[in-house]
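Engineer: Model the structure of this input:
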Amino acid sequence: MEVVDLHGTVGGSGEELVLLHPIGLDSTFWGAMPAMLAHTHRVLRLDLRGFGGSSLGVEPAPIQAYAADVLHAIRRHGLHRPAVLGLSFGGMIAQTLALEHPGSVSRLILCGCPGGIPAEARPALRERGAAAERDGMESVVPLTVDRWFTPAFVDSPVVERVRARLRSNSVRAWSEGWQAISDFDALPCLGAIDVPTLVVAGEQDAATSPAASAALAAAIPSARSVTLPGAPHMMQLETSGLFTEAVSNFLAGRPVGAG
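Structural biologist: Okay, here's the model as predicted:
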């Protein structure tokens, strides 16, 4: 399996933490959280293959290849057994990493992601990539933003930066990412995950329902869950304070609330 060298940024010192972003974004879309966590953690923010400063592979890749990229980056940066936080596509990759490479992860924080894609939903997800191939990235921006944020937040400068990032993406990276997502199905295997896990859901997430997050948490032994009030899919941007608090509490061993 071809491995891509991922662009990464490291900050802080302490316990190790890796951040994996959603499809279409990059490692700069975490709000103030990395700087805050850097007081207690060595934080590695990665650009997934094809996004930000990371190149694409030669061929379209399954989600297992995205996870192998992350493992390679963890080792290259001298991390040993980090906590891994993934949001949306990043959360699916985090699950895959924990399953494919047992012992490589100390804790998981899975945000706004399901444990698998139902067969009936797969064609619609592949179509998100095909739409960009037909009509360019500009064509997918409005619907993507509508899925990711609440109507009250879409005029924020934060969202305008998201729009700019989406427009600048490689069509191929976007399309291949959606193909990998459409084939994702970890749910039957999640009982093998034996590390402390937090599942974070957004109350107003239009892309991953709270029910899908609940099913994910139920499939992982001893997983804890929290639902952030008012949070959309891009909870780390629109409800950054609530999101950072939940993550910080979990990493510190404090209560995070109930889902």
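Engineer: For the protein, which segments count as helices?
Structural biologist: 33-37, 63-76, 89-100, 122-135, 141-148, 157-168, 171-182, 210-219, 235-238, 240-252 (DSSP state H).
Engineer: Please identify the buried residues of stretch 13-27?
Structural biologist: Buried residues in stretch 13-27, counted by 16 or more other CB atoms under 10 Å: 15-27. Every residue, glycine included, has its C-beta placed from N, CA and C.
Engineer: and which of the residues you listed is nearest to residue 239?
Structural biologist: residue 22 (14.8 Å; CB to CB).
Engineer: So that closest one sits against residue 94, correct?
Structural biologist: No - here residue 22 lies out of contact with residue 94, judged by CB atoms under 8 Å, at a distance of 11.9 Å.
Engineer: what is the mean pLDDT for stretch 180-195?
Structural biologist: For stretch 180-195, mean pLDDT is 98.
Engineer: That stretch spans what distance, first to last residue?
Structural biologist: 25 Å (CA to CA, to the nearest Å).
Engineer: So what touches it?
Structural biologist: 23, 60-63, 66, 89, 92, 95-96, 98-99, 102, 105-108, 114-117, 121-123, 125-126, 215-216, 219-221 (CB atoms under 8 Å, 6 or more residues apart in numbering).
Engineer: Could I have the PyMOL command that selects the buried members from those?
Structural biologist: The buried residues among the contacts of stretch 180-195 can be selected in PyMOL (16+ other CB under 10 Å) with this line:
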select buried, resi 23+61+63+66+89+92+95+96+98+99+105+107+108+114+115+116+117+122+125+126+215+216+219+220
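Engineer: Now intersect the buried residues of stretch 13-27 with the strands, please.
Structural biologist: 15-20 (DSSP state E).
Engineer: out of those, who's nearest residue 230?
Structural biologist: Nearest to residue 230 among these, counting by CB to CB, is residue 19 at 22.5 Å.
Engineer: burial measure for residue 103, as a count.
Structural biologist: Under the neighbour criterion other CB atoms under 10 Å, residue 103 is assigned a count of 9.
Engineer: Run through the residues that contact the spatially closest residue to it that is not a sequence neighbour.
Structural biologist: Spatial nearest neighbour of residue 103, excluding adjacent residues (CB to CB, 6 or more residues apart in numbering): residue 81 at 7.0 Å. Going by CB under 8 Å, 6+ apart, residue 81 touches 16, 103-106.
Engineer: Run through this structure and note the low-pLDDT ranges.
Structural biologist: Scanning the chain for pLDDT under 70 picks out the ranges 258-259.
Engineer: rerun at 80
Structural biologist: Residues of the chain that meet the criterion pLDDT under 80 lie in 257-259.
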